[in-house]
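In: Structure for this input, please:
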Amino acid sequence: MSSTKRASSSRPSSSRASSVRASPSLRAVPMLDDHSIGHEARAASDDHMALKLWLRMLACTQQIETEIRRRLRARFGISLARFDYLAQLHRHPEGLRMNALSRYLMVTGGSITGLTDELEKEGLVVREAVPDDRRAFLLKLTPRGRQTFEAMAEEHESWVIEFFSDLRLADRKTLYELLGHLRAHMAARLLPEGGSRAAPGG
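Out: Numbers count the residues shown, from 1 in each chain. As a prediction, the model looks like this:
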């Protein structure tokens with residue numbers, strides 16, 4: 001039985017209790033209710049700490065992402081998918097081919113085509129022909145698209161800073177470093193036999 005499946009059993013959850021035990025550096029907050037406990041509702045008091053940590057990471061990610069989606073929609077009338085699309089083109093002012101953008105966003109080519117059609121009609125992105133490949137084109141932000149994205153990105157950054165503001169700077173750095181170690185170890189575990197990854201496109 002997988003750990004995730006085991007976690008969804010009917011054993012009593014301990015997540016609520018753990019959610020109110022703040023360290024001395026954190027201000028006291030109300031106990032999480034059924035509406036807001038999220039993925040942590042699957043955890044039980046005798047679950048392994050690794051499993052409880054995983055569910056808490058999932059719950060935090062979903063909680064933050066849901067709030068960002070809500071604010072983007074309310075403030076700018078835009079979806080998170082569109083925001084992420086514009087963010088990638090903003091990071092690549094030289095332009096991106098559709099397959100590269102699809103890979104960066106981890107979505108299908110069909111999804112990229114649909115978003116491109118919508119954003120092109122709104123004057124935020126443009127398709128430009130690739131001189132050495134008649135079948136391909138580059139996607140770029142228009143000046144209006146760049147200006148629109150930068151206004152959204154400024155507010156987006158302030159929201160994320162707000163979400164983490166109850167953690168001390170030292171705690172944020174520690175959490176960042178620990179998660180970095182976790183990612184590096186996970187990447188090493190997932191290396192194919194032989195210890196090296198295939199070259200891009202190989």
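
In: alpha carbons only for contacts and neighbour counts from here, please
Out: Noted.

In: Mind jotting down where the strands sit in this structure?
Out: Along the chain, counting by DSSP state E, strands occupy 96-97, 125-130, 133-141.

In: Compare those strands and report which one is nearest to Gly180.
Out: strand 96-97 (27.8 Å; CA to CA).

In: Please name every helix or strand in contact with the closest one.
Out: With contacts taken as 3 or more CA pairs under 8 Å, 6 or more residues apart in numbering; DSSP states H and E, strand 96-97 sits against strand 133-141.

In: Go ahead and measure how far stretch 87-101 is from the middle of the chain.
Out: Here the centre of stretch 87-101 is set off from its chain's centre by 18 Å, with CA atoms, centre = their mean, to the nearest Å.

In: avg pLDDT for stretch 83-102?
Out: For stretch 83-102, mean pLDDT rounds to 94.

In: what residues does it touch?
Out: Outside of stretch 83-102, the residues within contact range by CA atoms under 8 Å, 6 or more residues apart in numbering are 104-105, 108-109, 112-113, 136-141, 145-146, 149.

In: Just list whatever residues bridge to Val125.
Out: Counting by DSSP bridges, Val125 forms beta bridges with Leu141.

In: Narrow the contacts of stretch 83-102 to just the buried residues.
Out: When burial is judged by neighbour count using 16 or more other CA atoms under 10 Å, the buried members of the contacts of stretch 83-102 are 112, 137-141, 145-146, 149.

In: ok so, going back, could you dump the strands of the chain into CSV with distance to Asp47 added?
Out: Output for the strands of the chain, formatted as CSV (distance: least, CA to CA, whole Å):
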stretch, distance to Asp47
strand 96-97, 45
strand 125-130, 49
strand 133-141, 48
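
In: picking up where we left off before, spatially, which two of the contacts of stretch 83-102 are the most separated?
Out: Ala136 and Phe149 (24.9 Å).

In: Convert the C-alpha atoms of stretch 136-148 to CSV, please.
Out: Coordinates of each C-alpha in stretch 136-148 appear next as CSV, following Å, rounded to 0.1, in the frame of the first residue of the first chain:
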residue,chain,number,x,y,z
ALA,A,136,8.7,27.8,-36.9
PHE,A,137,8.2,31.2,-35.3
LEU,A,138,9.2,33.0,-32.1
LEU,A,139,6.8,34.2,-29.5
LYS,A,140,7.6,37.6,-28.0
LEU,A,141,6.0,40.1,-25.7
THR,A,142,4.8,43.3,-27.4
PRO,A,143,5.7,46.6,-25.6
ARG,A,144,2.1,46.6,-24.3
GLY,A,145,2.5,43.0,-23.1
ARG,A,146,5.8,43.8,-21.3
GLN,A,147,4.3,46.8,-19.6
THR,A,148,1.2,44.9,-18.6
